[in-house]
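1. kindly return the folded structure for what I paste below:
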Amino acid sequence: QVQLVESGGELVQAGDSLRLSCAASARTLSDYCMGWFRQPPGKEREFVAAISWRGTTRSYADSVLGRFTISRDNAKKMVYLQMNRLKPEDTAVYYCAADRNMVRSDTKPDYWGQGTQVTVSS
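-> Okay, here's the model as predicted:
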């Protein structure tokens, strides 16, 4: 079992930066591939970014490529999402996710956090 707790969401203005954090309770975080997903208001949940077990491989949705960066610190059992040049369309609840298998845009990870709200005003 893995418990995930996100933090860092808040109301910001377009163009601002924000860093989301995800604290994981896993015994060994490097056993899990990690990802971030988001659910905009009135829409389905969508993939944002993923990072492999030791951080050697990262993938991003086209909509955030070049603006967002996913990272992890296995010793601290933390995963981060650095979001730069935020846009109003980035407004969503952001979820941290974990799976022993690779997290991709077409997979549904086994473990999810409760989400953190990010609101970007224009």
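
2. CA atoms for contacts and neighbours, from now on please.
-> OK.

3. who's in contact with Ser121?
-> For Ser121, the contact set (CA atoms under 8 Å, 6 or more residues apart in numbering) comprises 11-14, 87-88.

4. how much space separates it from Thr91?
-> Using CA to CA, to the nearest Å, Ser121 is found at 8 Å from Thr91.

5. so what's in contact with the two at the same time?
-> With contacts defined as CA under 8 Å, 6+ apart, no residue is adjacent to both Ser121 and Thr91.

6. list the contacts for the residue positioned nearest the centre of the chain?
-> Nearest to the mean C-alpha position of the chain, by CA atoms, centre = their mean, lies Trp36 at 2.4 Å. Neighbour list for Trp36: 47-50, 81, 94-97 [criterion: CA under 8 Å, 6+ apart].

7. tell me the secondary structure at it.
-> In three-state terms, and counting by DSSP: H, G, I helix; E, B strand; the rest coil, Trp36 is strand.

8. look at it and report its pLDDT.
-> For Trp36, the model assigns a pLDDT of 98.

9. spatially, what comes nearest to it if we skip its sequence neighbours?
-> Excluding the flanking residues, the one nearest Trp36 by CA to CA, 6 or more residues apart in numbering is Cys96, at 4.7 Å.

10. same check on Arg85?
-> Distances taken as CA to CA, 6+ apart place Gly15 nearest to Arg85, at 4.2 Å, with adjacent residues excluded.
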